[in-house]
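Visitor: let me see the structure of the following:
(one chain, ligands or ions: 2)
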Amino acid sequence: MKTMKNIDSFTHVRGESLFVDDLMIRKDALIGLCFDSPKAHGKIKSVDYSVAESLEGVERIFTYKDVLGENQIGGIIPDEPLWAQNEVHFWGQPIAFIVAKTEAIAKKARALIKIEIEELPVITTAIEAKQKGSFINAPRIFNLGNTQKSFEECEYVFEGETFSNGQEHLYLETQGCYVEPLENGNIKITSSTQGPTQVQKTAAKVLGVPMHKIEVDVIRLGGGFGGKEDQATPWAVMAAVAVQHLKKPVKYMLNRHDDLRMTGKRHPYSSFFKIGLSKDLKIKAFEAEFLQNAGAAADLSPAVAERTLFHATNSYFVPNVNVSVYSCKTNLPPNTAFRGFGGPQGMFVIESAIAMAAEKIGVDRRKIQEVNLLKENDEFSYGQIANEVQAERSWFTAKDKFEFEQLEKEVQRFNNENQLFKKGISLMPIAFGISFTNTPMNHARALVHIYQDGSVGVSTGAVEMGQSVNTKMLQVAQDVLGISAAKVKLETTNTTRVANTSPSAASSTADLNGKAVEMACNLLLDRLKIVASKMLSSDEKNINFKDNCVFIDGKKSDVTWNAVIAQAMLERVSLSENAHYATPEIHFDKSKEKGHPFAYHVYGTAITTVTVDCLRGIYEVDSVKIVHDFGKTMNLGIDIGQVEGALAQGIGWMTMEEIAYGKDGRLLSNALSTYKVPDIFSAPKTIETIPLETEGNELAIQKSKAVGEPPLMYGIGTYFAIQQAVKAYNKNYKPKYHSPFTPEKVLMALYEK
Ligand code: LUZ
Ligand code: MOS
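Guide: Residues are numbered from 1 along each chain as shown. Ligands and ions are numbered 1, 2, ... in the order given. Got it, this is the predicted structure:
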């Protein structure tokens, strides 16, 4: 299996890698700062900017009145103003944009703005929103078979409810941008965004100019995790409006407090389920109603909701399914994409349903999991037929390779011998669909230049955010062209070089953009083979490029890559190529809620062991042992890094990261002192990942399957391992399925009567 270091690792560790905030800015550059709503819901009676505006060093304060195009940034549904006009709908909603000489002056000015708001009732939970009929759009329903009929025939039927909380993205680099005026009213935006085209399109719409007047450039991101798929846009657009008026550059980097307060997060979900099983523990029917807390505007919520339905049965086959999702409109910042994109929320519910069924029937949870794993040709509720299924293989390989029986015995032995510490163990299988669920988004382009000295520049629509997509793109170019890594450079992501891109999201970036790089390089290669065949008087069919040289019939010739490029220049052969890739085979009919939306699925199984300190309620994750389906990985080191990072994030979501809003809609967990994320001490003591040897999939880049999101859901296993440990200590504990399972909640559970 191949591996190669992230091409940025050298500059990263030396602190030399460039991010937006490191850019040299023009001498006349100004600093922007957002003035946002200090109330979660209300009518704006008046805003007085006069004192703030007259402050020395304040250039100007922009509001909705300065929008020359449309004051609208909603992507899926046009329901979100850039700047509030008459009403505010969440605490932190942008109202105005201060532009000043320094950040200190801008902050001072912000404190001098006086606003009067007539408060309106605030909704913070999805349940309350549903009761009041407050929705973003119509609910969606997926149906397979007939659940009602099936429940009548079931031996066991259980109903329950779950809650999973939101999650802060906590990208190390906060949101930000630097915007410069060019000539003729053209504007260049450097943004920390996963979606350069989204920024370009929205800026053009708000400024009232054609898209070609806006160039968006992305160097790299200090993390995105979905938080910059849609929500990098407003800041860039605000600064662009200012630049349009002032004709001077404007930079805006959010500080952590502002970023936490003003941006949306993972969607909290309240869900209700009903599960029916036969005597032999087959899940015959499953129903769920998902209430998604969407926040005050649609943002990506409808797409996130959809993915919840796609993953409502995780890696299990259920013949009768009826699942529905409501995007509930509340007065929180619009919640948004977050690694997994509604999938984790869906999977948590069926895992909870299985846990409840196991508890009530009195069997191990894993017995139910095991007999219901997907098999080849099983049908998902949305009509896709499962193929190249690795659910059972990853499950049994994990049990076998990690000696599950032994691990389980050790847990029992430990629990028998210890009073104040208890261990728990769980298995967590995953199946995650790869492709944007919105079929039209599954495309990408690459622009490859071979320069006359033989060096190569690759531009794609992929945004590097630490996931090492640039390294994978480089590997593709290098492999196809047969040249050394040093000859290939990955350019920044720029809308002028690669247009109309989908955001770097859905774990699909390497697949989509990699396929485009592969196509462009193959087109170049075909041309170069003709040049080389003439140089060597050989048939082009016998020509190959490898190790910076031309090979004939597998034998190295003395003609180098550089010599072929020089000759191609003399012959006026084009050394540039632009290729477009669109995922074949996928389709989905929303009117029927049936189709084949995913190129393929990624499978895997995690075994998690935890130890709970039953005096204090704190716990440690002893180990997570994973068998993961990478396909034929093109870079094992990077892929394992993705597994470990996603796992830590999943564990954080399930156990310790607790977003809290007051009843008034104010974010209470507004700093890292009150919002706990996994650190090195709370990370699993060991993580072991074994690659499952699979054929890979033709639609995956070099048969190397997408890896960004799927492993996050292994973290769900930690929740149930802790639950088992708590049960071992307290026989009276009545499991609830409310995450995160914080030490505080664990303590209460340990002493529940
Ligand atoms: N973003 C998106 C995503 O726009 N559509 C998706 O299906 C998706 N899936 C996962 C993560 N981001
Ligand atoms: Mo995403 S949740 O931006 O892949």
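Visitor: what's across from Val250 in the sheet?
Guide: Leu30, Val179 (DSSP bridges).
Visitor: can you pull the contacts of the closest residue to ligand 2 within the stretch 251-400 of the chain?
Guide: Nearest residue of the stretch 251-400 of the chain to ligand 2 (C-beta to the nearest ligand atom) works out as Ala337 at 3.7 Å. In short, each C-beta sits where N, CA and C put it, glycine included. If you count contacts by C-beta atoms under 8 Å, 6 or more residues apart in numbering, Ala337 has them with Gly226, Gly227, Glu229, Asp230, Leu300, Ala303, Val304, Ala505.
Visitor: Gly227 is in contact with the fifth one, correct?
Guide: This means Leu300. No: applying C-beta atoms under 8 Å as the test, Leu300 and Gly227 come out as separate, 10.9 Å apart.
Visitor: what touches both of these two?
Guide: Common neighbours of Leu300 and Gly227 (C-beta under 8 Å, 6+ apart) are Thr336, Ala337.
Visitor: doesn't Val612 make contact with Thr718?
Guide: No: checked against C-beta under 8 Å, the pair Thr718 and Val612 is beyond contact range at 11.4 Å.
Visitor: who in this structure is up against ligand 1?
Guide: Residues of the chain found near ligand 1 (C-beta under 6 Å from any ligand atom) are Gly226, Glu229, Leu300, Ala303, Arg307, Ala337, Phe341, Phe436, Thr437, Asn438, Ala505, Ala506.
Visitor: export these to a markdown table and append columns for distance to Ala203, pLDDT and secondary structure.
Guide: Output for the residues of the chain next to ligand 1, formatted as a markdown table (distance: C-beta to C-beta, whole Å; pLDDT from 0 to 100; DSSP: H, G, I helix; E, B strand; the rest coil):
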| residue | distance to Ala203 | pLDDT | secondary structure |
| --- | --- | --- | --- |
| Gly226 | 21 | 98 | coil |
| Glu229 | 16 | 98 | coil |
| Leu300 | 18 | 98 | coil |
| Ala303 | 22 | 98 | helix |
| Arg307 | 27 | 98 | helix |
| Ala337 | 20 | 98 | coil |
| Phe341 | 25 | 98 | coil |
| Phe436 | 22 | 98 | coil |
| Thr437 | 26 | 98 | coil |
| Asn438 | 22 | 98 | coil |
| Ala505 | 19 | 98 | coil |
| Ala506 | 23 | 98 | coil |
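Visitor: among those residues, which two are most distant?
Guide: Gly226 and Asn438 (14.9 Å; C-beta to C-beta).
Visitor: so which bits of the stretch 51-200 of the chain are right by ligand 2?
Guide: Gln194.
Visitor: show me what residue of the stretch 51-200 of the chain gets nearest to ligand 2.
Guide: Closest point on the stretch 51-200 of the chain to ligand 2, by C-beta to the nearest ligand atom, is Gln194, at 5.5 Å.
Visitor: okay, now that residue: neighbour count?
Guide: If you count neighbours by other C-beta atoms under 10 Å, Gln194 ends up with 28.
Visitor: repeat that for the one 4 residues further on.
Guide: Residue crowding around Gln198 was assessed by other C-beta under 10 Å; the count is 24.
Visitor: now the one 10 residues further on
Guide: For Gly208, the neighbour count with other C-beta under 10 Å is 11.
Visitor: likewise Arg26?
Guide: Every residue meeting other C-beta under 10 Å relative to Arg26 is counted, giving 13.
Visitor: OK, contacts around it?
Guide: For Arg26, the contact set (C-beta under 8 Å, 6+ apart) comprises Glu180, Lys248, Pro249.
Visitor: just the buried ones out of these, please.
Guide: Using 16 or more other C-beta atoms under 10 Å as the burial test, the contacts of Arg26 include Glu180, Lys248, Pro249 as buried.
Visitor: just send those residues back as CSV, with pLDDT and distance to Asn143 too.
Guide: Below are those laid out as CSV (pLDDT from 0 to 100; distance: C-beta to C-beta, whole Å):
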residue, pLDDT, distance to Asn143
Glu180, 98, 52
Lys248, 98, 56
Pro249, 98, 54
